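Trainee: Mind folding the following:
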Amino acid sequence: MTGRGFLILILQSALVAPPTALRIAVSVSRCPLTLKCEVRGEVLNLRWLRDGQPLTEDNRISFNESNRTMQVSCLNISDWGRYTCQASNANISSEAHVNITDVV
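Mentor: Model (predicted):
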């Protein structure tokens, strides 16, 4: 040996599973209507949309379980439309959709 030291660095990248929005489970009840986004993978952000517009919490709409579950106090005609669950992380996003009408 010549007395020279070697420093060996082993870098391990953190593998992050991309989020996959599998489906939206819909409750049987209309009062309240509950939608649950079933996802797999690393989710950093989850948001809900109705007809392409972001939904926010108000006196009729609430979110829980890190936004995975959304409740509408009582379904009425103004709530009908296409609901989207959008799951994302730093690299990718995935969506699941369900149409809600008078017949859930």
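
Trainee: So which other helices or strands are in contact with the lowest-mean-pLDDT helix or strand in the chain?
Mentor: Among the helices and strands of the chain, strand 20-26 carries the lowest confidence by mean pLDDT, DSSP states H and E, at a mean of 91. Of the remaining helices and strands, those touching strand 20-26 by 3 or more CB pairs under 8 Å, 6 or more residues apart in numbering; DSSP states H and E are strand 33-40, strand 81-88, strand 93-100. For glycine as for every other residue, the C-beta is placed from the backbone atoms N, C-alpha and C.

Trainee: Let's have those in TSV, adding mean pLDDT, mean neighbour count and distance to Glu65.
Mentor: Shown next, in TSV, are the helices and strands packed on strand 20-26 (pLDDT from 0 to 100; neighbours: other CB atoms under 10 Å; distance: least, CB to CB, whole Å):
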stretch	mean pLDDT	mean neighbour count	distance to Glu65
strand 33-40	94	18	8
strand 81-88	96	20	12
strand 93-100	94	16	15
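
Trainee: Save those strands as CSV, and put in distance to Gln53 too.
Mentor: Formatted as CSV, these follow (distance: least, CB to CB, whole Å):
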stretch, distance to Gln53
strand 33-40, 15
strand 81-88, 9
strand 93-100, 14
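
Trainee: where does the chain have low pLDDT?
Mentor: The chain contains residues with pLDDT under 70 at 1-16, 103-104.

Trainee: that older thread, got the angle between the least confident helix or strand of the chain and strand 93-100?
Mentor: When axes from the mean of the first three to the mean of the last three CA atoms, to 10 degrees is applied, the directions of strand 20-26 and strand 93-100 differ by 20 degrees.

Trainee: Before I go, just wanted to say thanks for your time.
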